[in-house]
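> Here's a sequence, model it:
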Amino acid sequence: METTEKPIEIRAEITPNPNTLKFNVNRILIEAGSLNFPDKEKAKGATLPEALFENENVLGVMVGRDFVTVTKLPGANWNLMVEPVIATLKKLFESGKIVFPQGSGASTEAVSQGGNSEIEKKIRKILDEEIRPAVAMDGGDITFHGFSDGIVTLHLQGSCSTCPSSIMTLKMGVENRLKSLIPEVREVIQV
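Just a heads-up that it's a prediction; the model follows:
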């Protein structure tokens with residue numbers, strides 16, 4: 001019996017960041033973590049972000065499990081960009097090309113990085129199980145950078161990296177949650 005894969009579907013979704021859209025794809029793009037391409041230089045060797053950066057209004061690209069987040073220049077108009085972005089993504093996915101070759105320059109930042117103290121393990125577990133899935137719904141990602149002297153450092157990516165409400169998300173959401181579960185956490189900052 002022959003099985004045929006469903007046609008590729010891509011749907012644009014607004015995020016809290018007016019300069020960023022999340023493009024949901026009905027395929028698993030990467031198994032875990034995220035691939036962040038904050039500029040054209042970092043995209044070299046990675047077919048998908050290179051193709052998206054051909055649009056002069058694209059400022060950044062982040063790839064999550066089943067979505068691609070595109071950040072535009074502040075003066076650019078989404079009405080003129082959505083269809084070309086979707087067309088580029090469809091063309092690449094339908095071509096069967098490897099869109100994220102090894103060594104593509106992407107920073108695949110999984111929360112497993114960092115030290116291995118019990119506190120850091122707890123922080124990473126909370127980030128992985130609660131915070132990252134919620135942030136991914138808005139087209140972003142938060143990765144663990146470090147923990148020292150009660151201060152948790154995190155890296156915001158995708159729609160979160162330039163979002164006007166990212167400080168509130170970090171302080172009111174992430175910091176409050178970590179403090180409530182881990183008394184040793186005094187503050188959460190972005191790097």
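
> The protein: helices as residue ranges?
Per DSSP state H, the chain carries helices over the ranges 47-53, 78-95, 118-126, 132-137, 166-168, 176-181.

> Which elements pack onto the third one?
Using 3 or more CB pairs under 8 Å, 6 or more residues apart in numbering; DSSP states H and E as the contact criterion, the secondary-structure elements in contact with helix 118-126 are strand 140-148, helix 176-181. C-betas here are computed from N, CA, C, even on glycine.

> ok so, going back, would you turn the helices of the chain into a markdown table with mean pLDDT?
Formatted as a markdown table, these follow (pLDDT from 0 to 100):
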| stretch | mean pLDDT |
| --- | --- |
| helix 47-53 | 94 |
| helix 78-95 | 94 |
| helix 118-126 | 90 |
| helix 132-137 | 81 |
| helix 166-168 | 71 |
| helix 176-181 | 90 |
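
> which of these sits most buried?
Burial of the helices of the chain is given as mean neighbour count (mean count of other CB atoms under 10 Å); helix 47-53 ranks first at a mean of 22.

> What lies in contact with that helix?
For helix 47-53, contacts defined as CB atoms under 8 Å, 6 or more residues apart in numbering pick out 35, 37, 40, 42-44, 58, 61, 63, 68, 70, 85, 88-89, 92, 97-101, 106.

> again, only this time at 6 Å
By CB atoms under 6 Å, 6 or more residues apart in numbering, the residues outside helix 47-53 that reach it are Phe37, Lys40, Ala43, Val58, Val61, Thr88, Leu92, Lys97, Val99.

> now stretch 149-156
123, 142-143, 145-146, 166, 185-191.

> Outline the domain layout of this protein.
10-107, 109-190 (automatic domain parsing).

> Quote the end-to-end distance of stretch 43-50.
Using CA to CA, to the nearest Å, one end of stretch 43-50 lies 5 Å from the other.

> Show only the entries of the contacts of helix 47-53 found in strands.
Phe37, Val58, Val61 (DSSP state E).

> among those residues, who's most crowded?
Val61 (28 neighbours; other CB atoms under 10 Å).
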